[in-house]
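>>> Sequence below, structure please.
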Amino acid sequence: MAKPPLSHYSPKFANKAWADDDGYTSYFNCSYSGKTKKLPKGWKQWGRQRGLYSWPVENSLDKDLETIASPIYEKICSFNELTDDERIIWSQFLLSQLVRTPTFIRYENKGRELFGITEKPKHDRVGCRECGDLHYVANRNWCLLLAHEDDFFVRSDNPVFQTGFIELPDTCLFYPLTPKLCFVACSMPDGWDAFTNQPNETCGYELAKGGAHFYNFHLAKAAGKSLIISPKHDGIVAEKMYNDILGIYPQPPFSLHVLDDSNSENAFESIRKIMSMTDNSEYPCWQPIELEPFYQEHQEGISRGQPA
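You can find the predicted model right below:
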C-alpha cells in the first residue's frame with residue numbers, strides 16, 4: 001500500500017522567500033516540554049504533514065491550483081495589477097489556504113464529530129473557480145503593506161490571518177508574501193455588495209518602523225504550532241514575542257459557518273465552542289478590531305500605512 005502523501009499545507013513556492021541558503025529559522029510549540037523552541041529548518045522541511053490530505057486532493061492542489069496561482073503570486077510581489085480572472089484565481093488560492101491547514105482540519109473534524117456530519121465537501125481543500133464565495137475576496141479593495149527596512153513579516157502555519165466571517169464587510173485578510181511584503185484584502189464600508197462592487201486598483205503603504213511587528217503579533221498569536229522567519233531576522237525581538245504568544249489563540253475556522261441571516265455573534269459562538277472543545281481550552285471572544293483598516297476609504301486618516 002502506498003504511503004499517504006506528504007501534504008503541503010503551505011506551498012513551497014510561497015515559503016521560499018523566508019529561506020537563506022540553509023533554510024529557515026522555525027519557532028514551534030514543543031509537545032513534550034510545553035515550551036516554545038526554535039530550530040533551523042531546511043527550505044523543504046516546513047509547511048508539510050504526512051497524510052493531511054488524500055493523494056487525489058494533494059495532486060489536485062498541485063495541478064489545479066498551485067501551478068496556476070504561483071505565477072500570480074510572483075506578479076503580485078512585482079507590484080503588477082491582476083486581471084479579473086487572476087483576481088478570482090488568487091481569491092481561490094487564499095480561501096483554499098485557509099481550509100488546508102492542520103489547525104482548520106482539526107477543528108473541522110471536531111465539528112463533524114459533534115454534529116454527525118459524514119459527507120465530505122464537494123471541492124475538498126481546493127475550492128472552485130465558480131464558487132460564489134470567491135467574490136467576497138476578489139471584489140474587496142486590496143493593498144500591499146511594505147515593511148520598514150529594519151522590520152520583517154513572518155510566515156505561520158496558519159498563513160492567512162482572517163479577522164472575521166468572509167461575508168461581512170469589516171473583515172480583512174492578511175497574507176504575508178515575503179518577509180518584506182504583506183497582501184491585504186481590505187475591510188469595506190457598510191452596504192458593500194461583493195457581487196456588484198468594482199474594486200479600486202491595488203495600492204501600497206510603507207509601514208513605519210515597528211509597524212510590521214504589530215501584524216506579526218497577531219500572525220504569531222493565530223498560529224497553530226509553528227512559524228518561520230528568515231535566519232537573518234532572528235534575534236531578541238523574535239525570541240521575546242514568539243516565546244510569549246505563539247499559537248495562544250489559533251486562527252478561528254470561520255469557513256465552517258456560512259452566514260445567511262443569522263447573527264454573526266451567535267455564529268462565532270458555535271465556532272468558539274468547537275475550538276475550545278478541540279483544544280481543551282476556554283477561548284475568549286475574538287476581537288482583532290484594530291486589524292480592520294479601511295485602507296482605501298479613509299486615506300486622509302492614514303499616515304505611511306498606519307491603520308486609521
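>>> Low-confidence ranges, the stretch 51-200 of the chain, go.
Where the stretch 51-200 of the chain drops to pLDDT under 70, the residues are 121-123.
>>> can you give me the helices in the stretch 1-150 of the chain?
12-15, 55-60, 67-77, 84-99, 102-115, 135-138 (DSSP state H, counting those that start in this stretch).
>>> now the ones you listed in TSV, with distance to residue 153?
In this view, the C-beta of every residue, glycine as well, is placed from N, C-alpha and C. Below are the helices of the stretch 1-150 of the chain laid out as TSV (distance: least, Cβ to Cβ, whole Å):
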stretch	distance to residue 153
helix 12-15	12
helix 55-60	27
helix 67-77	12
helix 84-99	15
helix 102-115	19
helix 135-138	19
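>>> Tell me which of these lies nearest to residue 6.
Residue 6 lies closest, by Cβ to Cβ, to one member of the helices of the stretch 1-150 of the chain: helix 55-60, at 8.2 Å.
>>> Using CSV, lay out the helices of the stretch 1-150 of the chain together with mean neighbour count and distance to residue 275.
Conversion of the helices of the stretch 1-150 of the chain to CSV gives the following (neighbours: other Cβ atoms under 10 Å; distance: least, Cβ to Cβ, whole Å):
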stretch, mean neighbour count, distance to residue 275
helix 12-15, 18, 25
helix 55-60, 15, 24
helix 67-77, 16, 28
helix 84-99, 20, 15
helix 102-115, 17, 6
helix 135-138, 21, 22
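>>> Out of those, the one nearest residue 210 is which?
Of these, nearest to residue 210 by Cβ to Cβ is helix 67-77, at 23.1 Å.
>>> I'd like to know which of the helices of the stretch 1-150 of the chain is closest to residue 222.
Judging the helices of the stretch 1-150 of the chain by Cβ to Cβ, what sits closest to residue 222 is helix 102-115, at 8.8 Å.
>>> which other helices and strands contact the closest one?
Judged by 3 or more Cβ pairs under 8 Å, 6 or more residues apart in numbering; DSSP states H and E, the packing partners of helix 102-115 are helix 84-99, helix 264-279.
>>> Please save the CA atoms from it in CSV.
C-alpha atoms of helix 102-115 as CSV (Å, rounded to 0.1, in the frame of the first residue of the first chain):
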residue,chain,number,x,y,z
PRO,A,102,-3.7,21.3,10.2
THR,A,103,-5.5,23.8,12.5
PHE,A,104,-8.6,24.1,10.3
ILE,A,105,-8.8,20.4,9.7
ARG,A,106,-8.5,19.6,13.4
TYR,A,107,-11.5,21.9,14.1
GLU,A,108,-13.4,20.7,11.1
ASN,A,109,-13.0,17.1,12.3
LYS,A,110,-14.3,18.0,15.7
GLY,A,111,-17.3,19.8,14.2
ARG,A,112,-18.1,16.7,12.1
GLU,A,113,-18.0,14.6,15.2
LEU,A,114,-20.2,16.9,17.2
PHE,A,115,-22.8,17.3,14.5
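>>> what's next to that helix, contact-wise?
Residues outside helix 102-115 that contact it (Cβ atoms under 8 Å, 6 or more residues apart in numbering): 9, 49, 52, 98-99, 117-118, 157-158, 224-225, 250-251, 253, 255-256, 271, 274-275, 277-278.
>>> ok, of the residues you listed, which come out buried?
9, 49, 52, 98-99, 157-158, 224-225, 250-251, 253, 255-256, 271, 274-275, 278 (16 or more other Cβ atoms under 10 Å).
>>> thinking again about what came up before, tell me which of the helices and strands packed on helix 102-115 approaches residue 219 most closely.
Across the helices and strands packed on helix 102-115, residue 219 has its closest neighbour in helix 84-99 (13.4 Å, Cβ to Cβ).
>>> show me the contacts for residue 22.
Contact partners of residue 22, counting by Cβ under 8 Å, 6+ apart, are 40, 42, 231.
>>> export stretch 282-290 as PDB, just CAs?
The C-alpha coordinates for stretch 282-290 follow below in PDB (Å, rounded to 0.1, in the frame of the first residue of the first chain):
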ATOM      1  CA  GLU A 282     -11.700  28.100  27.000                       C
ATOM      2  CA  TYR A 283     -11.000  30.700  24.300                       C
ATOM      3  CA  PRO A 284     -12.300  34.200  25.000                       C
ATOM      4  CA  CYS A 285     -14.200  36.400  22.500                       C
ATOM      5  CA  TRP A 286     -12.300  37.100  19.200                       C
ATOM      6  CA  GLN A 287     -11.600  40.800  19.000                       C
ATOM      7  CA  PRO A 288      -9.000  41.800  16.400                       C
ATOM      8  CA  ILE A 289     -10.800  45.100  15.900                       C
ATOM      9  CA  GLU A 290      -7.700  47.200  15.400                       C
END
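>>> in it, what counts as buried?
Neighbour-count burial for stretch 282-290 [16+ other Cβ under 10 Å]: 283, 286, 288.
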